[in-house]
Structure formats: structure tokens, C-alpha cells
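# Predicted model and sequence below, questions to follow.
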There are 2 protein chains.
Amino acid sequence: MIFNKVKGFKTVENKDFLRKAEELKPVLFKTKVVPTPSISEPMGKGDTLLLDFLDHQVGYLHFHASSVGSPADAPAKIRIRYAERKEELEENWDEYKGEISSSWLQEETFFLDYLPVTISLPRRHAFRYIEIKVIDTTPKYKVRLSHIHSISVSSADYRLVPEINIKDKMLKRIDEVSLRTMHECMQEVFEDGPKRDARLWLGDLRLQALGNYATFQNADLVKRCLYLFAGSTMRDGRVGAGLFHKPKVQVDDTILFDYSLFFVSTLKEYYDFTKDIETLKDLFPTAKRQISLSLLELDGKGIVKDHDNWWCFLDWGEGLNKQAGAQAILISALKDAKEMASILGLDTAVYDTNIDTLTFAAKKYLFDEAKGLFVSGKKKQISWASQIYFVLSGIFDKETNRKILSNIEKEPHSIKMVTPFLHHYYVMALLEVGEKEKAISVIKSYWGDMILDGADTFYEVYDPQNKRSSPYGDWVINSFCHAWSGTPSYFIRRHLG
Amino acid sequence: MIFNKVKGFKTVENKDFLRKAEELKPVLFKTKVVPTPSISEPMGKGDTLLLDFLDHQVGYLHFHASSVGSPADAPAKIRIRYAERKEELEENWDEYKGEISSSWLQEETFFLDYLPVTISLPRRHAFRYIEIKVIDTTPKYKVRLSHIHSISVSSADYRLVPEINIKDKMLKRIDEVSLRTMHECMQEVFEDGPKRDARLWLGDLRLQALGNYATFQNADLVKRCLYLFAGSTMRDGRVGAGLFHKPKVQVDDTILFDYSLFFVSTLKEYYDFTKDIETLKDLFPTAKRQISLSLLELDGKGIVKDHDNWWCFLDWGEGLNKQAGAQAILISALKDAKEMASILGLDTAVYDTNIDTLTFAAKKYLFDEAKGLFVSGKKKQISWASQIYFVLSGIFDKETNRKILSNIEKEPHSIKMVTPFLHHYYVMALLEVGEKEKAISVIKSYWGDMILDGADTFYEVYDPQNKRSSPYGDWVINSFCHAWSGTPSYFIRRHLG
């Protein structure tokens, strides 16, 4: 894991934008959810209780605890573990070896000094299952738990989701699980996943916004997140790859080339859905700034400079070179920016010039005519990511793009897709070239396989060949309800209906 | 460890007594105590900070935590361990193997989700040292702690302690440490020790009350505790060995023969100090009931029946037989009860009869004329405990008693003293027979040795030959500030001045 840090990090605030974001902060819906079971037998030292909430929850655990036997003559020491998937509880959390912080493991250990007591745990967790273990009591008493429930939260409103009739049973279930995934990630902001940082990330936001337009239709939440990103930027006006909204709004010091540019596309897609010209006027300068900063990264040939560090995301494929994908995403962002400039009655010539330069350079230096595939970096690496983002950039015609997507399937030594994030763009690319059946087949095989794997919500990472794979070095820290995986509803409702 | 449980346990409340106890609840003095250091360097994963509060505290930890570096992109997981003695922190608490609950280990693990944050920990702990360990952060930030302090609590008021001039340096220090021990154990009730159950136990209460009369002079706190014990009794009117005062007042279901009888002596000693005849009138019936219940335990010969279970305390000596000590304590209690009856103008004949019967039986069946020592139980066990309690019962004259205390020293196979509790009664016995120099020598060698061992407060258990001994199977759970060890001030101020 490479942690991206900016030296001498300074931020700039736009108080007007932050005020608008604050005004749009949603009031969360709260739902009381009772698990099975909701009451325990008397529990002594070492006893555990497994609760099943039957679906994924983002919530706060509440319960009542009383003593059975003699008066409680020592505190009851209780350990609670929250799991999105039951299998997480079978792992030895104490031997966690992942590269990101063990503080993300959803565990709490605490003491009940006096019984009976009603406990309302103050930390929010993401779970379908909860394991409550009595670490210790005394031989004189046991603990009985009752009134166990979660106060579950979300800013998504199921009543606003258009009812549609999906005949295919698997697609219907994929839609339901997508909705649940989005529902759980929609809180005071669009969170990437409620299990860990619960943070705004631009790459996730773009996909969440698309899914949301087709389902929960909470455009104000997208608007709020755009204002947050524009309201706290780096000193040079760059939006962060991510943003903290608690304890105060602050841009993260992680820079990702593609993520910054997704601000442009997210703003454009927001306008497409809402026709909210005021917001477009407010935020277009921020979008434009991302373009300008990205153009500074071009080399003399009109190609985005490559780097060794973690400078651009695209996907989590091991060893994936980012140069070609970054070039493609910049071209897409230029096209989106041009369209917005046009709507706002601004001059678009600068966009045309840059689109032409980058397109010409991409075709000349990044496209291998013989193979009919894009290559990336010094070693001319071939990856699915490069092809997918270039197909979406539209620098070739539909037929050439169709062939590219066909060619990559036959290429034996390519870097494969590993995240639902890239699978989303793959499905988009397939639809773009008219491969609707293939798109359905990818959705049913990739997302459908997660359902066969027992998913209640879609995962952050899913490799059907290696179900325990993790970008963090330990599967147990993976997020199993992750926003960027919730887009099948968008495809089903917008493109496959 | 044998845990004493009463089957079909039922309790009786006297609401009038409980109301009086509640009215006497003290307001605690709160003191802000700043440790060395009170601010940390930036701390990363695995870093620890050792705080020294320079003296024993019973208090609540407060601190401010901020992040250094990038914004905190994951919670900081913090573990806090509280230790009365520094050596506790060198032990592996995770491998605790003691017989009483591991929930007494003074440890908290929690998460700081958002930084900066001001933390006020809600649980009270007993400590001089605190170890704060950062279990995990991320490579992007460290945690800095500042404004670290304890809000320490006690109902004892140092200003009320009479100033005396103690020339002997060791006795002076023993007096200071005794005072601190009592101070720390004086809270809303007289606690046995603030590290663990912080509970009222009658055996501790009696010694605390004596120490308190000679020092902090908080007679109302003794009165409150006597009303608590009398306000919640077992169905037959027996006071418990201990009493819970939180979350509600409730007698514990542990019965100890000697502890119930200490109610009688504690009431008598309270009256001696206060001349509070109203309280004596209120509570004498409860005292009398303890006598009646104890007399039911006599066999046909006038000897207290022996039992195999943990029915009487006396001391924690391994294998100690309790029969003789119990007999002696019953005789002492009868004498105290008789004196109170006399003060209240009640008939005392019944006490005289019983004192005579028990004294005659003790001399006939429990005293080994040849050895000049008391024996206990079927196997005629010889222990220091039996001699000490019988000397204090006054059934022999001063000279015989002096010889008994001399004889036990020469007896090779006796059960020795292991607690400061029994050492207290030993010193009392020495003073009773006029061995003032010897009493001073015991105080200086036994309690003085704890001071040389680094004690800030006196311990629950202290065996100079085996400093890691524990009645619980693991030294780390021992209480190192224990009320029953705080009586040297009583001797120094009342008898050795």
C-alpha cells in the first residue's frame, strides 16, 4: 500500500460553497431493526451470541443487559464484533496483518459496571451480523441481553425508487442488492463504504450519483457533495481525491489524477439530470481548474506524464500502468467540460484544441495498430483498463471500439479487471459499442456471482477466481458494501429496460 | 477461590434506614491532578506513554488528542492501562490466569474517530501510573496528547486530620501512607479498595472506621455505612459480609460469620467515638440479631460449628481453620453487645450467660494447656489467627495472653499471618498485653517493608517472603491500596503517641 501525502499541504476554503453544502445536509431516516434472536439465554464467561439482522444495516446497536444469579459482583466484560459477511467472524481478527489500520476492524470491548443497564453504543457500524461475546463475568452471575436492536440510518428513501418490472430473476435480485448497497452508502454524504472511512471519494461519488439518478433520485445529496469538494480544495484549486466531512470539512491530501477529473464529469452528469443552471454556474470554475491542472501534466508530445507512485487510480490491478487510462479520462473530461462551457455560453475553442492534441497523441503513441489495442507506460503494458477508458473517451468510431473490446479478450498477457469500479466502466463501454447482450452477461456473471456468493450488498473488491483477494493484504478488512459496486441498477433501469 | 452463594436468596429492606443512609451520602471532593508528563510527543502505531501522577489517585482520566501530519484518515485505536504499582505494567495482562474476573484488570480500549477531540473517560480507576498505548493509527498521521489530567475524588478531608509530631522518620512515613490509603478508600462509602469492586465489606469497614476516628474524623460516613448494612439484610435479618451500593443498595449474598459480627463491634466503636445515642438505639436491634444468628451456630458443647466451605474470613492463610477464631470473635461481639445493651438500659443477663458458656467451652475444648496455645478444628490446627482473636476476646488475663503471643512465635508448624488485616489485630493484641515496643517493631517491619518496597498506599496482601503472592492466583489483580491495611495511623495516633 502506498500512502499518498502532499508535502507542505495547504488548503483553501470557499465559505459560500461550504454554507450551501451545510444547508443541504440531509436529515437521516432512522429505522429500528430487530435481529434474530433479540434476546439471549443467560451468558457466562466465553459465551457468544450471534445476531442476524437479515439484511445489511448501517446503524447503532442498543440492548438491555441484566444479571441472572447473585448480584453482579464484578463488571461484565463484553466484546462486540460487527460483520457485513458471516465469514468475517470466522477469521482471527487479533492476527490481522493488513496494510491499512486495524482500527477499522469493527470491534468494541467495554465493561458493564452495574447491572441492569441499557446500552446505546455511540459508534456507527456496518453489519448484517453481530457477535456478542462475554469475555468475563464471575461464577456468581450471568448476563442476559434483551431488547437488542439497531437504530439503522440512511438518507435514501425507498419510496422514491421508481417501480419497474424486471422479469429476469437474477437481474431483479441484482437490482435489489444494488439498491441496498446505494441505500447503505447514502448518509450525510455519499460514502464510499460504511464499514471503514465512510468518506467522500470522487471516484465513488460519480458512480453513486449515476446510480442515484436512476433510483433514489436524491439530487440534492449530489449537489451537497459537489459543493463540499469545491468548498475545500488544495492551495492550487485542485479538488482532493477524497474529502473529510467530520469533524470539519477538509480536503484530504491524497491526489489522484483521474479522481480530480471525475469532478468535471460528475458536475456535467448532475446538470444533465437536474438542469440546475445555478449550480453549474457556481461550480464550473472548479471543474475548469481541474482541467487546467491536468493539462500541466502533459509531456511535449501531448501525453500525460507517467509516474512511479500512486498518482492515478483506474483500478486495483497489480502492476497496472496508469498512463493510457489517465490520457483517456482527461479526454473524456475535456469533452464534458466543453459541453458545460457551451451550455454556459462560454468559448469552447480551448477545449477543442486540447481534445485534438490529446487525441492525436493518443492514437500516435498509445495505440498499437498491429494488436488493435492501447498500450501504456514505457513497457507498453496492455491492460483492460486502458482499452475501457479509451473506448469511453470516444476517440475512435464505434466499430473500432467494438474491435478493441473484442481484441482485449483474446490478449493473453493483459492486466485484468479486479474491482466492480472498473467493471462498471467496462459495462458502460460495452453499451457504448452496442454490445447490450454482452453487457447483461457481464452484469449477471460478475455481480450475479456475488449474489450466489451470498452478498446482501455488493463488495469493494470481487475476484471470482480468488474470493479472498484484498488490496490491503487481509480479506477481513475489505468493505462488503461499497458504493462503486452499486451501479447495476443504473444499467438495468437506464439502459437495459 | 470458593464463591459463596446463598440458595433462594431473599433480602429485606428497611426504607427508613436506607433514607437515612442516602441523606448522609457525602459530596466528593474533586481535585485536578496533572501527571508527569502531561503532554506527549506525536505517537504512532505501537508507541506508548507512561504517566506518573506521583501519588495514588482514584480518579477519572481526561486528555485532549490531536493529529499531527495529514488529516486522521482512520480512527486512532488507544489502549489505556492503569496501575497502582509500576510493576503491574510489566506483566502480560492478556495472559491473566487469576480466579477472580479479568474484568477487574484496569484497561480500556477505545477509538478516537475524529481528531482533535477532548476525552473524558467515564469510568473511575485507581492508579499512580497510566500507560497510554497507540495500538494503531495510519502512516499518514500521529496522535499528540495534551492537557492530560485526572479529576481525582475522595470524601476524605485532609484539613481535618490532627497535626501531630512524629519523630521517627519511618513511622512518620507509615502515617502518611496510611492516611493516603484511607483517603483513597473513602468515597461515597468506605470502599475496601478502589481498584476492584470498590465495595463495602464489613471486615474492612471496622478497620476503616477506627483509622478514620483517629484521622479524617468523618463519623457520618461510618454512620451511613452502618445504616446501609442495616437497611438491606438477608431474609433472616443477617447483615451481609458485603453490600452493593450501586446501581441500588443491595446486600451481597456472601455470608461470613466474623464479618456479620463485626457489625456489632463497629456500632459499639462508633458510639464510643460519637456518643450518638439515636443511632445506637436505631441499630442495636440489628447488632443483636447478628448475635442471635451466630448463637444458632453453636454445637452442644458451646463451640461454634466448623464448616468446610468459606464460612468465616479471619485471614487468607492457606488451609487456615476458622473454628477457634470464630469462637473468639463471637465472644468479643457478645461483650460489645452487652456494653451497648447496658448503655441503652436493657437487660444484659443473656449476654453474660452466653459469654460464660462460650468462654468455658473455649478454654476446655480449644485451648491446649501443654502448648499454651489455642487449637482449631478436628485436626487441632495451630494458627496465629486463633491466638490473636482469642487474646483480643479477653477470656484470659493479660499475663496468660502475653505468653500465648510469645508461644506462637516459637511454634514451628503454625499457619502464619498473610494479610495486613490480621496484622492489624496482631498489633492490637500486642498493645492489649502491654507489648508496645513489639507493636511498634511489627508496624515498622511489616508496613515499613511495604514502604521500602515502594508503596504509596498499603496493599491488600503483603508477604515479605513472597512479594508476588496473591489470594487470587495472579499478582496483577491484587489491590495495592486497600482499606484494611490503612490502620497504622490509628495505632500511631491513638496508642503510640
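Looks like it arrived, so ask away.

# if you go through the stretch 1-150 of chain A in chain order, where are the helices?
Ranges of helices within the stretch 1-150 of chain A are A:15-23, based on DSSP state H, counting those that start in this stretch.

# What residues does it have near chain B?
Residues of the stretch 1-150 of chain A lying near chain B by CB under 8 Å from any CB of the partner chain: A:3, A:5, A:9, A:69-71, A:73-77, A:100-104, A:108-111, A:113-117, A:123, A:135-140. Where C-beta positions appear, they are placed from N, C-alpha and C, glycine not excepted.

# Where does the residue of the stretch 201-350 of chain A at minimum distance from chain B fall, secondary structure wise?
Distances between the stretch 201-350 of chain A and chain B by CB to the nearest CB are smallest at residue A:247, namely 4.1 Å. Using DSSP states H and E, residue A:247 falls within no helix or strand.

# how many neighbours does it have?
Residue A:247 has 13 neighbouring residues, counting by other CB atoms under 10 Å in any protein chain shown.

# go on, residue A:62?
Residue A:62: 15 neighbours (other CB under 10 Å).

# can you pull the contacts of it?
Contacts for residue A:62 (CB atoms under 8 Å, 6 or more residues apart in numbering or on different chains) come out as A:118-121, A:147-151.

# on that earlier part again, from what I can see the residue of the stretch 201-350 of chain A closest to chain B touches residue B:118, true?
No: Residue A:247 is not in contact with residue B:118 according to CB atoms under 8 Å; the separation is 11.3 Å.

# So for the two, which residues contact both of them?
Contacts common to residue A:247 and residue B:118, judged by CB under 8 Å, 6+ apart, are absent.

# For the residue lying closest to residue A:116 once chain neighbours are set aside, name its beta-bridge partners.
Leaving out its chain neighbours, the residue that sits closest to residue A:116 by CB to CB, 6 or more residues apart in numbering or on different chains is residue A:66, at 3.9 Å. With beta bridges defined as DSSP bridges, residue A:66 has these partners: residue A:144.

# Quick check, residue A:66 in contact with residue A:146.
Yes: between residue A:66 and residue A:146 a contact is recorded at 7.3 Å, counting by CB under 8 Å.

# Would you mind telling me which of those two has the busier surroundings?
Between residue A:66 and residue A:146, counting by other CB under 10 Å, residue A:66 is the more crowded of the two (17 against 14).

# gap between the more buried one and chain B?
Noted for residue A:66: a distance of 11 Å to chain B, by CB to the nearest CB, to the nearest Å.

# What of residue A:106?
Separation of residue A:106 from chain B (CB to the nearest CB): 10 Å.

# tell me what the longest helix along chain A is packed against?
Secondary structure of chain A read by DSSP state H shows that its longest helix is helix A:323-343. Contact analysis of helix A:323-343 by 3 or more CB pairs under 8 Å, 6 or more residues apart in numbering or on different chains; DSSP states H and E lists helix A:257-274, helix A:277-295, helix A:349-361, helix A:384-393 as its packing neighbours.

# Can you check what angle separates that helix from helix A:384-393?
20 degrees (axes from the mean of the first three to the mean of the last three CA atoms, to 10 degrees).

# Only alpha carbons, please: show helix A:323-343 as PDB.
In PDB, the C-alpha atoms belonging to helix A:323-343 read as follows (Å, rounded to 0.1, in the frame of the first residue of the first chain):
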ATOM      1  CA  GLN A 323      -0.600   6.500 -18.300                       C
ATOM      2  CA  ALA A 324      -3.100   5.400 -21.000                       C
ATOM      3  CA  GLY A 325      -6.100   5.400 -18.800                       C
ATOM      4  CA  ALA A 326      -5.200   8.800 -17.400                       C
ATOM      5  CA  GLN A 327      -4.900  10.200 -21.000                       C
ATOM      6  CA  ALA A 328      -8.300   8.700 -21.900                       C
ATOM      7  CA  ILE A 329     -10.000  10.100 -18.800                       C
ATOM      8  CA  LEU A 330      -8.600  13.600 -19.500                       C
ATOM      9  CA  ILE A 331     -10.000  13.500 -23.000                       C
ATOM     10  CA  SER A 332     -13.400  12.500 -21.600                       C
ATOM     11  CA  ALA A 333     -13.300  15.300 -19.000                       C
ATOM     12  CA  LEU A 334     -12.300  17.800 -21.700                       C
ATOM     13  CA  LYS A 335     -15.400  16.800 -23.700                       C
ATOM     14  CA  ASP A 336     -17.600  17.100 -20.700                       C
ATOM     15  CA  ALA A 337     -16.100  20.500 -19.800                       C
ATOM     16  CA  LYS A 338     -16.600  21.700 -23.400                       C
ATOM     17  CA  GLU A 339     -20.300  20.700 -23.200                       C
ATOM     18  CA  MET A 340     -20.700  22.600 -20.000                       C
ATOM     19  CA  ALA A 341     -18.900  25.700 -21.400                       C
ATOM     20  CA  SER A 342     -21.200  25.600 -24.300                       C
ATOM     21  CA  ILE A 343     -24.300  25.500 -22.100                       C
END
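
# Run the chain-centre distance for it.
Here helix A:323-343 is found 22 Å from its chain centre; the criterion is CA atoms, centre = their mean, to the nearest Å.

# quick one: average pLDDT of that helix?
For helix A:323-343, mean pLDDT is 98.

# what do you get for stretch A:115-126?
According to the model, stretch A:115-126 has a mean pLDDT of 97.

# Also stretch A:227-242?
Regarding stretch A:227-242, the rounded mean pLDDT is 96.

# Could you work out the end-to-end span of it for me?
In stretch A:227-242, first residue to last residue: 13 Å (CA to CA, to the nearest Å).

# how far is that stretch from where the chain is centred?
Relative to the chain's own centre, stretch A:227-242 is displaced by 18 Å; criterion: CA atoms, centre = their mean.

# got it, and stretch A:362-380?
The chain centre lies 30 Å from the centre of stretch A:362-380; the measure is CA atoms, centre = their mean.

# which residues sit against it?
With contact meaning CB under 8 Å, 6+ apart, stretch A:362-380 is reached by A:301, A:303, A:306, A:321-325, A:327-328, A:331, A:381-383, A:386-387, A:390, A:393, A:395, A:400, A:403-404, A:407-408, A:411.

# and with 7 Å instead?
Contact partners of stretch A:362-380, identified using CB atoms under 7 Å, 6 or more residues apart in numbering or on different chains, comprise A:301, A:303, A:306, A:321, A:323-325, A:327, A:381-383, A:386-387, A:390, A:395, A:403-404, A:407-408, A:411.
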